[in-house]
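Student: predicted model, plus sequence, below.
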Amino acid sequence: MIKTLFLFILFLALGLNANAQRYSTNKLSNDYHQYIPEYDDPYNPAISGVCSFLIPGLGQMYSGEYGRGFAFLGGYTCCTIIAGVGMAQFFNSSMNSFNSDSGYPTRSNAGVGTFLVGIGGMAVVSIWSIVDAVKVAKVNDMYLRNFRRTSSVKLELSPYVEQLSINNQITTPVGMTMKVNF
């Protein structure tokens, strides 16, 4: 069951990202430092950062990078499990560590290091996920802007008004001109 669920999530992550833009290739041609927000941007970097603050990896998924988002979510989950194991080791050793001679509990620091590594890893992955989500949103927005400008049909409509003199009568035709660029 778990194997099937894992394969389904892997297929979903790879399948949804097959036809979408890829951050790893987009960052080579777009510098996120030059990002200027525009009205029609599909990915808002602020929303992406807040999503990753709430759940690490969610901001990347919002920006269309599902595999990257699942990687951050998996890293955060692993660090949470490591912290939980460390906490369980600490409580287990503190409950079961009695000196048989005196009957008093002895101090044991088993699991403290594992707990601190897990908590530190959670903090690092969380902050990294927020920063990365903002970068991904900016770069993917810039890619889509360039894609729209270079590979679309441009249609320009412009009005015109002229004065014509025919047989000593002045007429004013009004119309529209249309220019199509492929």
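Tutor: Great, that's in hand.

Student: contacts only, for Val85.
Tutor: The neighbours of Val85, taking C-beta atoms under 8 Å, 6 or more residues apart in numbering as the test, are 111, 114, 118. Quick note: C-beta positions are derived from backbone N, CA and C, even for glycine.

Student: 7 Å - rerun?
Tutor: Going by C-beta atoms under 7 Å, 6 or more residues apart in numbering, Val85 touches Thr114.

Student: give me the pLDDT value at it.
Tutor: Note for Val85: predicted pLDDT of 92.

Student: before we move on, what about Pro173?
Tutor: Each residue has a pLDDT score; the one for Pro173 is 80.

Student: and the helices in the chain?
Tutor: With helices called from DSSP state H, the chain shows them at 2-16, 23-29, 45-54, 58-62, 66-95, 112-150.

Student: and those as TSV, adding distance to Tyr39?
Tutor: TSV is the format used below for these (distance: least, C-beta to C-beta, whole Å):
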stretch	distance to Tyr39
helix 2-16	26
helix 23-29	21
helix 45-54	14
helix 58-62	18
helix 66-95	26
helix 112-150	11
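
Student: what is the neighbour count of the nearest residue to Pro159 once chain neighbours are set aside?
Tutor: Nearest non-adjacent residue to Pro159, counting by C-beta to C-beta, 6 or more residues apart in numbering: Met176, 5.7 Å away. Using other C-beta atoms under 10 Å, Met176 has 8 other residues around it.

Student: and for stretch 163-180, what's in contact with it?
Tutor: For stretch 163-180, the surrounding residues in contact (C-beta under 7 Å, 6+ apart) are 153, 155-162.

Student: out of these, which are buried?
Tutor: The neighbour count (16 or more other C-beta atoms under 10 Å) marks nothing among these as buried.

Student: so what pLDDT did the most centrally placed residue in the chain get?
Tutor: By C-alpha atoms, centre = their mean, the chain has its centre lying nearest to Gln60, at 1.7 Å. What the model reports as pLDDT for Gln60 is 92.
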